[in-house]
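> One predicted model, sequence on top.
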Amino acid sequence: MAKLGVNIDHVATLRQARQGTEPDPVWAAVEAELGGADLITVHLREDRRHIQDRDVELLRQSVQVPLNLEMAALKEMVAIARRVKPAMATLVPEKRTEVTTEGGLDVAANNRAISTVVRRLSDMGITCSAFIDADLRQVHAAQQAGFTICELHTGPYALATAGPARDKEFERVRAAGEEILNSGMQLNAGHGLNYTNVQTIARLPHLSELHIGHAIVSRSLFIGLREAVARMKIAMSGVG
Ligand code: PXP
């Protein structure tokens with residue numbers, strides 16, 4: 001079964017609503033690990049709307065599973081990643097006005113600049129993942145840029161109405177996933193996945209990791225984070 005990377009950004013969103021100290025994402029990471037998280041993910045945004053620099057530093061010291069830092073390909077973020085040295089960095093596009101990551105990274109249009117970032121991170125032993133749309137051009141560009149992992153954007157699949165529209169989006173993800181594997185890269189996927197739509201994606205052949213945040217943190221309000229993570233793993237396995 002694929003591993004589960006739990007994105008805890010929205011624990012920090014709640015904390016930042018009062019600019020205070022609780023709930024603490026470091027505590028959330030412990031609970032997520034106890035629930036079975038295989039990786040912990042945080043996105044340090046340029047505008048620091050949720051995760052703060054202090055969170056990344058403390059998580060790097062305390063998390064027992066690999067830490068995945070989502071980041072824009074910006075000089076400031078590269079410097080932070082090189083200093084903190086997470087196990088993995090997922091490069092994402094970032095717009096100040098967006099509510100969440102809206103689309104995949106356009107590696108094809110920015111191949112030279114992105115390759116430089118990948119090299120600077122890889123030099124520090126950080127594994128680089130490209131968050132891309134299910135588009136074969138982007139898969140090939142990611143390989144050229146030196147990524148060893150691609151995370152396919154499942155947002156369009158998740159938002160599509162069940163039936164032919166969703167089937168079409170799933171087929172795009174499946175085909176891009178096949179190309180990622182044929183290109184010798186690791187296949188990950190994420191965005192917009194929840195307890196009901198995850199199972200189809202989790203069944204993709206040779207899928208390594210799913211990265212899920214909002215649905216798990218939302219469910220945790222009612223049943224606790226440890227249990228919300230455990231139940232997502234059950235949903236992924238198709239048993240629940
Ligand atoms: N993967 C990436 C690259 C993301 O940017 C996000 C959102 O931060 C996720 C996965 C998780 O998406 P969601 O919160 O919709 O589960």
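Yep, it's here. Residues are numbered from 1 along each chain as shown.
> the longest helix in this structure is where?
Ranked by residue count and defined by DSSP state H, the top helix of the chain is helix 164-182.
> Which other helices and strands does it contact?
Secondary-structure packing of helix 164-182 (3 or more C-beta pairs under 8 Å, 6 or more residues apart in numbering; DSSP states H and E): helix 136-145, strand 149-153, helix 155-159, strand 186-190, helix 198-202. Any C-beta I mention is one placed from the backbone N, CA and C, and that applies to glycine too.
> angle of the very next helix or strand once past the last one against strand 186-190?
Read in the C-terminal direction, the helix or strand following helix 198-202 is strand 207-212, with elements assigned using DSSP states H and E. Computed with axes from the mean of the first three to the mean of the last three C-alpha atoms, to 10 degrees, the direction of strand 207-212 lies at 20 degrees from that of strand 186-190.
> which helices and strands sit right next to strand 207-212?
Applying 3+ C-beta pairs under 8 Å, 6+ apart, we find strand 207-212 packed against strand 3-7, strand 39-43, strand 149-153, strand 186-190, helix 198-202.
> and the residue positioned nearest the centre of the chain, what does it touch?
Compute the mean C-alpha point of the chain, and by C-alpha atoms, centre = their mean the closest residue is His211, 4.4 Å away. His211 sits next to 5, 7, 39, 41, 68, 90, 151, 188-191 when contact means C-beta atoms under 8 Å, 6 or more residues apart in numbering.
> restrict the residues you listed to those near the ligand?
Filtering those for proximity to the ligand (criterion: C-beta under 6 Å from any ligand atom) leaves 7, 90, 151, 190-191.
> which one of those sits closest to the ligand?
Nearest to the ligand among the ones next to the ligand among the contacts of His211: Gly190, at 3.4 Å, using C-beta to the nearest ligand atom.
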